[in-house]
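K.L.:
Just the structure for this:
(one chain, ligands or ions: 1)
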Amino acid sequence: MKIGIIGTGMVGQAIGAKLIEVGHDVMHGTRDVAKTLERTKPDSMGTPSFAKWMQQHPKSKLETFKEAAAHGELVINATSGVASLAALDYAGKENLDGKILIDIANPLDFSEGFPPSLTICNTDSLGEQIQREFPETKVVKTLNTMNCHVMANPKLVPGNHTVFICGNDTHAKTKVKGFLTDWFGWKKENILDLGDITNARGTEMLLPIWVRLYGALKNPMFNFHVVVGSKPKE
Ligand SMILES: NC(=O)c1ccc[n+]([C@@H]2O[C@H](COP(=O)([O-])OP(=O)(O)OC[C@H]3O[C@@H](n4cnc5c(N)ncnc54)[C@H](OP(=O)(O)O)[C@@H]3O)[C@@H](O)[C@H]2O)c1
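P.N.:
Next comes the predicted model:
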(Lines give C-alpha, C1' and ligand atoms only; values in the text may rest on other atoms or scores of the structure.)
Protein backbone atom coordinates (compact mmCIF):
# COMPACT_ATOMS: atom_id res chain seq x y z
CA MET A 1 0.00 0.00 0.00
CA LYS A 2 1.12 3.59 -0.57
CA ILE A 3 1.53 5.19 2.84
CA GLY A 4 2.33 8.81 3.65
CA ILE A 5 3.91 9.50 7.03
CA ILE A 6 3.72 13.14 8.08
CA GLY A 7 6.69 13.46 10.41
CA THR A 8 10.38 12.55 10.48
CA GLY A 9 11.00 12.16 14.23
CA MET A 10 11.50 8.94 16.16
CA VAL A 11 7.86 7.88 15.60
CA GLY A 12 8.03 8.47 11.86
CA GLN A 13 11.27 6.52 11.77
CA ALA A 14 10.11 3.55 13.87
CA ILE A 15 6.74 3.20 12.12
CA GLY A 16 8.31 3.83 8.71
CA ALA A 17 10.95 1.14 9.24
CA LYS A 18 8.30 -1.44 10.09
CA LEU A 19 6.03 -0.49 7.19
CA ILE A 20 8.93 -0.69 4.70
CA GLU A 21 9.97 -4.04 6.22
CA VAL A 22 6.49 -5.51 5.61
CA GLY A 23 6.53 -4.32 2.00
CA HIS A 24 4.74 -0.95 1.83
CA ASP A 25 5.60 2.01 -0.39
CA VAL A 26 6.32 4.63 2.27
CA MET A 27 6.92 8.35 1.77
CA HIS A 28 7.78 10.59 4.71
CA GLY A 29 6.85 14.25 4.74
CA THR A 30 8.85 17.11 6.23
CA ARG A 31 8.69 20.93 6.16
CA ASP A 32 11.86 21.47 4.16
CA VAL A 33 13.44 18.46 2.45
CA ALA A 34 16.86 20.06 1.92
CA LYS A 35 17.11 21.24 5.55
CA THR A 36 16.04 17.84 6.90
CA LEU A 37 18.63 16.09 4.74
CA GLU A 38 21.33 18.57 5.79
CA ARG A 39 20.98 17.53 9.44
CA THR A 40 23.35 14.66 10.18
CA LYS A 41 23.63 14.79 13.98
CA PRO A 42 21.12 13.22 16.42
CA ASP A 43 18.62 15.69 17.96
CA SER A 44 18.62 16.74 21.64
CA MET A 45 16.71 13.53 22.53
CA GLY A 46 19.32 11.37 20.77
CA THR A 47 17.07 10.54 17.78
CA PRO A 48 19.27 9.84 14.75
CA SER A 49 18.98 12.35 11.90
CA PHE A 50 16.50 11.46 9.20
CA ALA A 51 19.33 11.52 6.65
CA LYS A 52 21.12 8.79 8.58
CA TRP A 53 17.88 6.81 8.94
CA MET A 54 17.38 7.01 5.17
CA GLN A 55 20.84 5.58 4.54
CA GLN A 56 19.84 2.59 6.67
CA HIS A 57 16.50 2.27 4.80
CA PRO A 58 17.32 2.57 1.11
CA LYS A 59 13.68 2.14 0.04
CA SER A 60 12.61 5.23 2.01
CA LYS A 61 11.45 8.43 0.31
CA LEU A 62 11.35 11.98 1.67
CA GLU A 63 9.26 14.83 0.29
CA THR A 64 7.18 17.68 1.73
CA PHE A 65 4.15 17.18 3.99
CA LYS A 66 1.95 17.87 0.94
CA GLU A 67 3.61 15.32 -1.32
CA ALA A 68 3.66 12.64 1.38
CA ALA A 69 -0.06 13.14 2.04
CA ALA A 70 -0.82 13.03 -1.70
CA HIS A 71 1.27 9.82 -1.99
CA GLY A 72 -0.58 8.01 0.80
CA GLU A 73 -3.69 5.91 0.31
CA LEU A 74 -3.30 5.84 4.08
CA VAL A 75 -1.78 8.80 5.94
CA ILE A 76 -0.17 8.78 9.39
CA ASN A 77 0.24 11.88 11.56
CA ALA A 78 3.53 11.61 13.46
CA THR A 79 4.20 15.31 14.03
CA SER A 80 4.76 17.24 17.23
CA GLY A 81 1.28 17.62 18.72
CA VAL A 82 1.58 21.39 19.15
CA ALA A 83 2.29 21.66 15.40
CA SER A 84 0.02 18.88 14.04
CA LEU A 85 -2.79 21.16 12.83
CA ALA A 86 -0.33 23.43 11.03
CA ALA A 87 1.48 20.44 9.52
CA LEU A 88 -1.77 18.86 8.33
CA ASP A 89 -3.00 22.20 6.95
CA TYR A 90 0.20 22.32 4.96
CA ALA A 91 -0.39 18.71 3.82
CA GLY A 92 -3.67 19.99 2.43
CA LYS A 93 -7.33 19.01 2.73
CA GLU A 94 -7.31 17.97 -0.92
CA ASN A 95 -4.70 15.31 -0.07
CA LEU A 96 -6.47 14.07 3.07
CA ASP A 97 -10.16 14.09 2.13
CA GLY A 98 -11.72 10.63 2.03
CA LYS A 99 -8.60 8.96 3.48
CA ILE A 100 -7.92 7.27 6.79
CA LEU A 101 -5.57 9.37 8.93
CA ILE A 102 -3.96 7.45 11.79
CA ASP A 103 -3.21 10.07 14.44
CA ILE A 104 -0.37 9.12 16.81
CA ALA A 105 0.38 12.65 18.03
CA ASN A 106 0.04 13.95 21.59
CA PRO A 107 -0.50 17.64 22.42
CA LEU A 108 2.57 17.88 24.64
CA ASP A 109 4.24 21.21 25.41
CA PHE A 110 7.93 20.84 26.32
CA SER A 111 8.58 24.61 26.39
CA GLU A 112 8.93 24.57 30.20
CA GLY A 113 11.08 21.43 30.15
CA PHE A 114 10.28 17.99 31.55
CA PRO A 115 7.68 16.79 32.38
CA PRO A 116 5.68 18.37 29.56
CA SER A 117 2.12 19.65 29.98
CA LEU A 118 -0.91 19.06 27.77
CA THR A 119 -1.94 21.99 25.58
CA ILE A 120 -5.42 20.51 25.02
CA CYS A 121 -7.31 18.46 27.60
CA ASN A 122 -10.51 17.72 29.55
CA THR A 123 -13.18 18.97 27.16
CA ASP A 124 -11.30 18.60 23.88
CA SER A 125 -8.41 16.69 22.34
CA LEU A 126 -6.00 16.94 19.45
CA GLY A 127 -7.72 13.98 17.75
CA GLU A 128 -11.05 15.86 17.85
CA GLN A 129 -9.48 19.09 16.65
CA ILE A 130 -7.99 17.28 13.66
CA GLN A 131 -11.34 15.59 12.93
CA ARG A 132 -13.14 18.97 13.12
CA GLU A 133 -10.58 20.64 10.86
CA PHE A 134 -10.71 17.77 8.34
CA PRO A 135 -14.35 16.59 8.40
CA GLU A 136 -13.96 14.51 5.21
CA THR A 137 -10.97 12.60 6.65
CA LYS A 138 -11.46 9.47 8.77
CA VAL A 139 -9.34 10.20 11.82
CA VAL A 140 -8.40 7.12 13.84
CA LYS A 141 -6.46 7.79 17.03
CA THR A 142 -4.24 4.94 18.13
CA LEU A 143 -0.71 3.96 19.24
CA ASN A 144 -0.20 7.30 21.07
CA THR A 145 0.07 5.79 24.57
CA MET A 146 3.36 3.90 24.25
CA ASN A 147 6.94 4.38 23.12
CA CYS A 148 7.42 4.29 19.33
CA HIS A 149 9.49 1.11 19.38
CA VAL A 150 6.69 -0.66 21.24
CA MET A 151 4.12 0.64 18.71
CA ALA A 152 5.98 -1.00 15.86
CA ASN A 153 7.06 -4.09 17.79
CA PRO A 154 4.71 -4.88 20.70
CA LYS A 155 6.76 -7.98 21.59
CA LEU A 156 9.36 -5.62 23.12
CA VAL A 157 7.05 -5.62 26.15
CA PRO A 158 6.43 -9.19 27.31
CA GLY A 159 2.95 -10.64 27.77
CA ASN A 160 -0.37 -8.98 27.03
CA HIS A 161 -0.68 -5.19 26.95
CA THR A 162 -3.18 -2.77 25.48
CA VAL A 163 -3.39 -0.55 22.43
CA PHE A 164 -6.34 1.86 22.47
CA ILE A 165 -8.19 2.93 19.35
CA CYS A 166 -10.97 5.46 18.75
CA GLY A 167 -12.61 7.29 15.89
CA ASN A 168 -15.98 8.12 14.37
CA ASP A 169 -15.81 5.84 11.31
CA THR A 170 -16.40 2.19 12.21
CA HIS A 171 -15.19 0.88 8.86
CA ALA A 172 -11.95 2.91 9.13
CA LYS A 173 -11.37 1.56 12.65
CA THR A 174 -11.89 -2.02 11.44
CA LYS A 175 -9.26 -1.45 8.77
CA VAL A 176 -6.80 0.09 11.24
CA LYS A 177 -7.30 -2.82 13.66
CA GLY A 178 -6.26 -5.09 10.77
CA PHE A 179 -3.16 -2.95 10.17
CA LEU A 180 -2.29 -3.18 13.87
CA THR A 181 -2.44 -6.99 13.85
CA ASP A 182 -1.10 -7.73 10.37
CA TRP A 183 1.64 -5.13 10.04
CA PHE A 184 2.75 -4.39 13.60
CA GLY A 185 1.99 -7.69 15.34
CA TRP A 186 -0.58 -6.54 17.90
CA LYS A 187 -2.78 -9.33 19.24
CA LYS A 188 -6.46 -8.81 18.37
CA GLU A 189 -7.49 -9.31 22.00
CA ASN A 190 -5.17 -6.47 23.10
CA ILE A 191 -6.83 -3.85 20.87
CA LEU A 192 -9.33 -1.89 22.97
CA ASP A 193 -11.87 0.11 20.94
CA LEU A 194 -13.05 2.98 23.14
CA GLY A 195 -15.62 4.39 20.70
CA ASP A 196 -15.79 7.73 18.91
CA ILE A 197 -13.04 10.34 18.53
CA THR A 198 -13.98 12.13 21.79
CA ASN A 199 -12.20 9.20 23.47
CA ALA A 200 -8.93 10.76 22.29
CA ARG A 201 -9.34 12.97 25.40
CA GLY A 202 -8.80 9.87 27.51
CA THR A 203 -5.85 8.44 25.61
CA GLU A 204 -4.06 11.80 25.25
CA MET A 205 -4.60 12.46 28.97
CA LEU A 206 -2.76 9.20 29.75
CA LEU A 207 0.43 10.98 28.77
CA PRO A 208 1.00 12.78 32.08
CA ILE A 209 1.06 9.39 33.86
CA TRP A 210 3.11 7.86 31.00
CA VAL A 211 5.89 10.44 31.45
CA ARG A 212 5.85 9.96 35.26
CA LEU A 213 6.13 6.18 34.80
CA TYR A 214 9.05 6.74 32.46
CA GLY A 215 10.68 8.88 35.13
CA ALA A 216 10.12 6.20 37.78
CA LEU A 217 11.09 3.19 35.65
CA LYS A 218 13.97 4.91 33.79
CA ASN A 219 12.99 2.77 30.81
CA PRO A 220 10.44 3.62 28.08
CA MET A 221 9.78 -0.01 27.10
CA PHE A 222 6.59 -0.48 29.11
CA ASN A 223 2.91 -0.27 28.35
CA PHE A 224 -0.52 -0.10 29.94
CA HIS A 225 -2.52 -3.33 30.24
CA VAL A 226 -6.24 -3.18 30.94
CA VAL A 227 -7.40 -6.32 32.73
CA VAL A 228 -11.13 -6.89 33.17
CA GLY A 229 -12.38 -8.75 36.27
CA SER A 230 -15.79 -10.13 37.17
CA LYS A 231 -18.41 -8.10 39.05
CA PRO A 232 -18.68 -8.86 42.79
CA LYS A 233 -21.63 -11.12 43.69
CA GLU A 234 -24.66 -9.27 45.22
N1 LIG B 1 8.40 9.52 20.68
C2 LIG B 1 7.55 8.56 21.03
O3 LIG B 1 7.94 7.42 21.38
C4 LIG B 1 6.07 8.87 20.99
C5 LIG B 1 5.18 7.97 21.55
C6 LIG B 1 3.80 8.22 21.46
C7 LIG B 1 3.35 9.34 20.79
N8 LIG B 1 4.27 10.23 20.29
C9 LIG B 1 3.79 11.41 19.59
O10 LIG B 1 4.11 11.27 18.20
C11 LIG B 1 4.42 12.54 17.63
C12 LIG B 1 5.79 12.49 16.98
O13 LIG B 1 6.76 12.33 17.97
P14 LIG B 1 8.33 12.24 17.63
O15 LIG B 1 9.00 12.00 18.93
O16 LIG B 1 8.56 11.32 16.49
O17 LIG B 1 8.74 13.65 17.04
P18 LIG B 1 8.43 15.18 17.38
O19 LIG B 1 9.73 15.83 17.61
O20 LIG B 1 7.38 15.33 18.41
O21 LIG B 1 7.84 15.68 15.96
C22 LIG B 1 8.66 15.70 14.84
C23 LIG B 1 7.89 16.15 13.63
O24 LIG B 1 7.08 17.30 13.92
C25 LIG B 1 7.29 18.28 12.90
N26 LIG B 1 7.20 19.63 13.44
C27 LIG B 1 7.80 20.12 14.56
N28 LIG B 1 7.51 21.44 14.71
C29 LIG B 1 6.74 21.78 13.65
C30 LIG B 1 6.14 23.00 13.22
N31 LIG B 1 6.27 24.12 13.93
N32 LIG B 1 5.39 22.98 12.10
C33 LIG B 1 5.23 21.85 11.38
N34 LIG B 1 5.79 20.66 11.73
C35 LIG B 1 6.55 20.63 12.84
C36 LIG B 1 8.71 18.03 12.41
O37 LIG B 1 8.82 18.51 11.09
P38 LIG B 1 10.20 18.45 10.27
O39 LIG B 1 10.25 17.07 9.68
O40 LIG B 1 10.03 19.50 9.25
O41 LIG B 1 11.30 18.72 11.24
C42 LIG B 1 8.85 16.53 12.51
O43 LIG B 1 8.48 15.91 11.32
C44 LIG B 1 4.31 13.55 18.77
O45 LIG B 1 3.06 14.17 18.72
C46 LIG B 1 4.45 12.69 20.01
O47 LIG B 1 3.79 13.26 21.15
C48 LIG B 1 5.61 10.02 20.39
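
K.L.:
From now on I want contacts and neighbour counts done on CA atoms only, so please keep to that.
P.N.:
Noted.

K.L.:
How confident was the prediction at residue 57?
P.N.:
pLDDT recorded at residue 57 is 97.

K.L.:
Oops, could you answer that again for residue 111 instead?
P.N.:
Per-residue confidence (pLDDT) for residue 111: 94.

K.L.:
residues near it, how many?
P.N.:
Per other CA atoms under 10 Å, the neighbour tally for residue 111 reads 9.

K.L.:
Specify the local secondary structure of it.
P.N.:
Of the three states, residue 111 takes coil under DSSP: H, G, I helix; E, B strand; the rest coil.

K.L.:
Next: the one 4 residues further on.
P.N.:
When states are read from three-state DSSP, the local structure at residue 115 comes out as coil.

K.L.:
Would you mind stating the distance between the closest residue to it other than its chain neighbours and residue 9?
P.N.:
For residue 115, the nearest residue in space outside its immediate sequence neighbours is residue 211; the separation is 6.7 Å by CA to CA, 6 or more residues apart in numbering. With distances defined as CA to CA, to the nearest Å, the gap from residue 211 to residue 9 amounts to 18 Å.

K.L.:
same thing with residue 117?
P.N.:
Per CA to CA, residue 117 is found 20 Å from residue 9.

K.L.:
wait, does the helix or strand hosting the residue nearest to residue 115 make contact with the ligand?
P.N.:
Residue 211 is located in helix 207-217, with elements delineated by DSSP states H and E. No - with CA under 6 Å from any ligand atom as the measure, helix 207-217 is seen stopping short of the ligand, the closest distance being 8.5 Å.

K.L.:
What lies in contact with that helix?
P.N.:
Residues external to helix 207-217 that are found in contact with it (CA atoms under 8 Å, 6 or more residues apart in numbering): 106, 115-118, 145-146, 220.

K.L.:
which ones are touching residue 119?
P.N.:
Counting by CA under 8 Å, 6+ apart, residue 119 touches 82, 107-109.

K.L.:
what pLDDT does the residue nearest the centre of the chain get?
P.N.:
The centroid of the chain falls nearest to residue 104 when counting by CA atoms, centre = their mean (2.1 Å). pLDDT, the model's per-residue confidence, is 99 for residue 104.

K.L.:
just curious, which of the contacts of helix 207-217 is nearest to the ligand?
P.N.:
For the contacts of helix 207-217, the minimum distance to the ligand (CA to the nearest ligand atom) is 3.8 Å, reached by residue 106.

K.L.:
Ignoring the adjacent residues along the chain, who's closest to the closest one?
P.N.:
Spatial nearest neighbour of residue 106, chain neighbours left out: residue 81 (4.8 Å); criterion: CA to CA, 6+ apart.

K.L.:
Can you report how many residues lie near the one you found?
P.N.:
For residue 81, the number of neighbouring residues by other CA under 10 Å comes to 22.

K.L.:
ok, now residue 90?
P.N.:
Once other CA under 10 Å is used to define contacts, residue 90 is seen to have 15 neighbours.

K.L.:
cool, and residue 206?
P.N.:
Other residues within reach of residue 206 by the criterion other CA under 10 Å amount to 16.

K.L.:
and it, what are its phi and psi?
P.N.:
Recorded main-chain torsions at residue 206 are phi -80, psi -20, according to degrees, to the nearest 10.

K.L.:
any idea how far it is from the ligand?
P.N.:
11 Å (CA to the nearest ligand atom, to the nearest Å).

K.L.:
List the residues that contact that residue.
P.N.:
Each residue near residue 206 by CA under 8 Å, 6+ apart is listed here: residue 145.

K.L.:
how near is it to residue 143?
P.N.:
According to CA to CA, residue 206 stands 12 Å off from residue 143.

K.L.:
cool, and residue 129?
P.N.:
Between residue 129 and residue 143 the computed distance is 18 Å (CA to CA).
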